[in-house]
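Student: predicted structure and sequence below. I'll ask about it afterward.
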Amino acid sequence: MSFLVGRDTRLIVQGITGREGTFHSAQMLQYGTKVVAGVRAGKGGTVVEGVPVYDTVRQARQAQAANASVVFVPPQGMHEAAGEAIEAGVPLIITIAEGVPVHDMMDLYHRARAAGVTLVGPNSFGVISPGKAKAGFMAHAIFSEGPLGIMSRSATNCYETVFMLTRAGIGQSTVVGVGGDMIPGSTFTDLLPLFESDVQTECIVIIGEIGGSEEELAAQYIGAHVRKPVIALIAGKSAPKGRSMGHAGAIVSPGGEGSAEVKERALAAAGVRIAESTAQIVQIAGEILAARGGGRSGGGRKG
Amino acid sequence: MKLLEYKAHELFARFGIPASGGPVVKSAEELAAAAARLSFPVVVKAQVETGGRGKAGGVKVARDAGELLSLGRQILSLQIGGQPVSALFLTARRDIEREFYLSLVLDRKRKRPVLIFSPEGGVEINETAEKHPEKVLQAPLDPRQDVEAPLLAAVVEKAGLAGKAARQLEAVVENLFRLFRQYDCLLAEINPLVLDSAGSLAALDGKIEIDDNSLFRHPDMSSFRDETCGEPLVLTARQSRFLYIPIEEAGNIGVISNGSGMIMSSIDLLSKGGQKTACALDLGGGATADRIAEAVRIVLSNPAVKLVLINIFGGITRCDEVAAGVVRAVADIGDRTVVMRMEGTNKDRGVAICAEAPGAIELVDGLAAAIEAIGRRLPVPAAAARREGGT
C-alpha cells in the first residue's frame, strides 16, 4: 500500500510545456507514474511526451479523471497555478518551485483547507512511493521499496538519507518533500496520520531543521496519537541566529525561537529517537526494524 | 529584506501613516550641506539593519549646525553590531506625551498575520510580554480581510485613547495592515508610535521586513536590497546567483554545497568534531564547471578560510563538471586545501579528473570520511571536540 501517490494516481502536470515540466514528465512516466494530462494555457490540443495538453486544469481533470496535480511553474506563477488546481477541486496538489512569496503560500494554505484538498510543498522535490509512482523531480534511482516512511524539509538531507538507507537494504514506503519554506502546504502534523495508518510504513522518519515550530507541533501530535516508532533529525544546530540558511524557513530568531535544541527536546519528550546525522538515521532505523523482526527490502531496487 | 529606517518612514508616509521626514546623508560633505538647511534641534539617527543602535551611541540630538557636524561625523565612523554606519537620517525632534508599540508579524505557527499592540512603546515587545503580559494585545488576522471593527476598538481601549487620537490610531492600524499585505511584509513594526503634545499620533521609529521571494513584484524596493547588506562577499556571491552565508567569525573552514539542508548538515558535523566554519556557499541546482570554479574562488577570497569542504550530492549534478571546476579554481590555492565529497552522475570521470590534479584536493567517499579528513588536516584540541560533540 502507499498513500498520496501510488498506482491509482492519475497525474496532471501543470506547466508541462516548460523545460522542467517536459523533462520531469518523461522521468515520471519512465518511473511508471500515470501522467494523464498536461496543462498550459494556449497550448490545449497539443501533445507533450505522449501526454495530451489542456488549456485549463478543470478541462484536464474532467477529460482524464485526474486525481492529482504536480505544479512545474516558476515561483511567480505558483499562486495562480495552484489556485486554479484548488478551484478545480484536484484532491492532491504538489508544488515544486523554490522562491514562492510567503504571502502567496499563506493564501493558498487557507484556501486548500477550505476546499478540503491536500497541498504539498513548495520548495519541495515532491512525493514518491518507491516502486509505484512519483510526482516531482527527485532522482528516483536512489529510492527503494520498503517499510520506512520519510518526510523532509530538505531535499539534499533526504537524498543523502535515502541513498544510505537503500545501500543498507532498508527501503521506503512513501517519501514526502514537505519543503523548506516558511508556510508549507502540508506540515509534519498534517502528514503524520497518513504515515500512522499506512500498513506498509513500520517506522517514520522526520527530517526537520531550524526555524518555525512545525517539529514542536509534530511532537505534540506524536505524543498523543502515534504508536509507530519515530526517528527525527534536526539540521542547523550550528547555524548562526537571525540568519536564513538558504531555505526561507530555516532561520532561528534572535531570541532563540526555532532552535534545534527546543525542537529536539520536544521530540525526545514525545518518545522520538533523535539522530545526530543522516548516517545515524540509517543506524537507528536498522535497529528499530531489526527489533521488529525483518523489514529489509530484500533484493529490492538499488541505484 | 530589512528596510533601513528612513525607507520604512517613506513607506509609512505613502500609506497615510504620519511619519518622520528629513534628509538622509552618507558622507561628511552631504552632512555639511544638510546642516546649512536644517532648523534645530535635529535628531541624528544611524541607519543600520541591526537593533540596539541607541545603546551603541547611534542616536543623538544636535542643537545646532556645529554639533550636527561633530555628532554626525562621529556616528558615521561607528560600527554597530559589526556593521559600519553607511547613512544618517536627520529628522525633527518631537515632544512626546505617550509611546505605544504596534506591529504586524507573519506568524508561521498560525499561518496568519498577527497584530501586536502594547500601550508601552519604546521598549522591546518581548520585554513587555515577559514583565507585563496583561498589557500586550495579540490578535491573529484573516489575511484576506480588513481589520475588523471589534479589534480596532480593543486596540483603542488598550491604548486608553478617545476622540481624534482614537480615530487616528484606528487609521494607523488599518493602514499598516494595508502596507503589510501590499508589500509582502514578514514584519511591519512601529516602535514607538508616539502621541505628541499637540495630540497627534506619529511613527517615530519603524522596522519593515519584506519577503525576499516577493521582490519581483516590488521593483521599487528591490533596488534597496543591497543597501542593507554589510557583507561584501554576500553581494559578490549574489551577483553570481549564489547564496553566501557568514557563519562564525573565528571559523577557518569554508563549506560549499548544493542545498540548504546539506549545508546545515555539513556545518553541524564539523561543529560536532570541534571545527569552526567561517562561511558557507549554496550553489543551488545544476552547477556547471564555470560556476563551481567561481564559487570556490569566492569562498577562498575570504582570508580566514584555510580549508574548503565541498559536499555535492544530487541526482542530476554531474560529478565531472564539479571536478573540472574545482581543479580550475585550485590552481593558485597556495597552502590551502580542498576536501571534496561528491555523489551523482559520472562520478568515475569526476574522480579521474581530481586524481590528475595537484595535491591540493583530497577526494573522500561520504560526509563522515570528509569530516575525518578535515580532522587530520586541521587538528583540534581533544577537549574542544568533546565539548562541541557533547553526546
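Tutor: Cool, the structure landed. Computed from a prediction, not measured in an experiment: that's the story for all the values here. Numbers count the residues shown, from 1 in each chain, chains lettered A, B, ... in the order given.
Student: can you pull the phi/psi pair for B:Glu97?
Tutor: Here is the backbone geometry of B:Glu97 (degrees, to the nearest 10): phi -90, psi -50.
Student: from A:Met164, how far out is it?
Tutor: 64 Å (CB to CB, to the nearest Å). (Each C-beta comes from the backbone N, C-alpha and C, glycine too.)
Student: show the model's pLDDT score for B:Glu356.
Tutor: With respect to pLDDT, B:Glu356 has a value of 83.
Student: can you count the residues close to the closest residue to it other than its chain neighbours?
Tutor: Excluding the flanking residues, the one nearest B:Glu356 by CB to CB, 6 or more residues apart in numbering or on different chains is B:Val327, at 7.8 Å. Counted with other CB atoms under 10 Å in any protein chain shown, the neighbours of B:Val327 add up to 22.
Student: shouldn't B:Val327 be within a helix?
Tutor: Yes - applying DSSP: H, G, I helix; E, B strand; the rest coil, one finds B:Val327 inside a helix.
Student: between B:Glu97 and A:Met164, which one's more packed in?
Tutor: Ranked by neighbour count (other CB under 10 Å), B:Glu97 and A:Met164 place A:Met164 first, with 19 against 13.
Student: my read is that the residue nearest to B:Glu356 contacts B:Gly359, right?
Tutor: No - when contacts are counted by CB atoms under 8 Å, B:Val327 is not listed as touching B:Gly359 (11.9 Å).
Student: per-residue pLDDT, A:Cys203?
Tutor: Looking at A:Cys203, its pLDDT is 98.
Student: can I assume it is in contact with A:Pro229?
Tutor: Yes - using CB under 8 Å, A:Cys203 is in contact with A:Pro229, at 4.9 Å.
Student: now for these two: what residues contact both?
Tutor: The overlap between the contact sets of A:Cys203 and A:Pro229 (CB atoms under 8 Å, 6 or more residues apart in numbering or on different chains) consists of A:Ile288.
Student: more neighbours: which of these two?
Tutor: Counted by other CB under 10 Å, A:Cys203 and A:Pro229 do not tie: A:Cys203 has more neighbours, with 23 against 19.
Student: which ones are touching the more buried one?
Tutor: By CB under 8 Å, 6+ apart, the neighbours of A:Cys203 are A:Pro147, A:Leu148, A:Gly149, A:Lys228, A:Pro229, A:Val230, A:Ile231, A:Ala285, A:Ile288, A:Leu289, A:Arg292, A:Gly295.
Student: from those, list the buried ones, please.
Tutor: A:Pro147, A:Leu148, A:Gly149, A:Lys228, A:Pro229, A:Val230, A:Ile231, A:Ala285, A:Ile288, A:Leu289, A:Gly295 (16 or more other CB atoms under 10 Å in any protein chain shown).
Student: those residues in helices, which ones?
Tutor: Assignment to helices by DSSP state H places the following of these there: A:Ala285, A:Ile288, A:Leu289.
Student: in TSV: these, plus pLDDT and distance to A:Gly45.
Tutor: Shown next, in TSV, are these (pLDDT from 0 to 100; distance: CB to CB, whole Å):
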residue	pLDDT	distance to A:Gly45
A:Ala285	98	48
A:Ile288	97	52
A:Leu289	96	50
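Student: near chain B, from these?
Tutor: Subset of these in contact with chain B: empty, counting by CB under 8 Å from any CB of the partner chain.
Student: give the contact list for B:Ala171.
Tutor: By CB under 8 Å, 6+ apart, the neighbours of B:Ala171 are B:Gly16.
Student: now do A:Leu217
Tutor: A:Thr187, A:Phe188, A:Thr189, B:Lys109.
Student: ok, A:Phe125 next?
Tutor: A:Phe125 touches A:Ile96, A:Gly136, A:Phe137, A:Met138, A:Ala155, A:Cys158, A:Gly177, counting by CB under 8 Å, 6+ apart.
Student: helices along the chain, start to end?
Tutor: The chain I'm using is chain A. So, for chain A - with DSSP H - the helices run A:19-31, A:57-64, A:75-87, A:102-115, A:155-167, A:188-197, A:214-225, A:260-269, A:278-291.
Student: if you could check chain B rather than the one you did, that'd help
Tutor: With DSSP H as the criterion, chain B has helices at B:5-14, B:28-37, B:65-76, B:125-131, B:149-159, B:163-182, B:219-222, B:232-239, B:260-272, B:289-300, B:319-329, B:347-356, B:367-377, B:382-389.
Student: among those helices, which is the most enclosed?
Tutor: Burial of the helices of chain B is given as mean neighbour count (mean count of other CB atoms under 10 Å in any protein chain shown); helix B:260-272 ranks first at a mean of 27.
Student: one step back: and the helices of chain B, which one's lowest on average pLDDT?
Tutor: helix B:382-389 (a mean of 54).
Student: name the nearest residue to whichever residue of the stretch 151-300 of chain A sits closest to chain B, sequence neighbours excluded.
Tutor: Nearest residue of the stretch 151-300 of chain A to chain B (CB to the nearest CB) works out as A:Ser154 at 2.3 Å. Sequence neighbours aside, B:Gly261 is the residue nearest to A:Ser154 in space, at 2.3 Å (criterion: CB to CB, 6+ apart).
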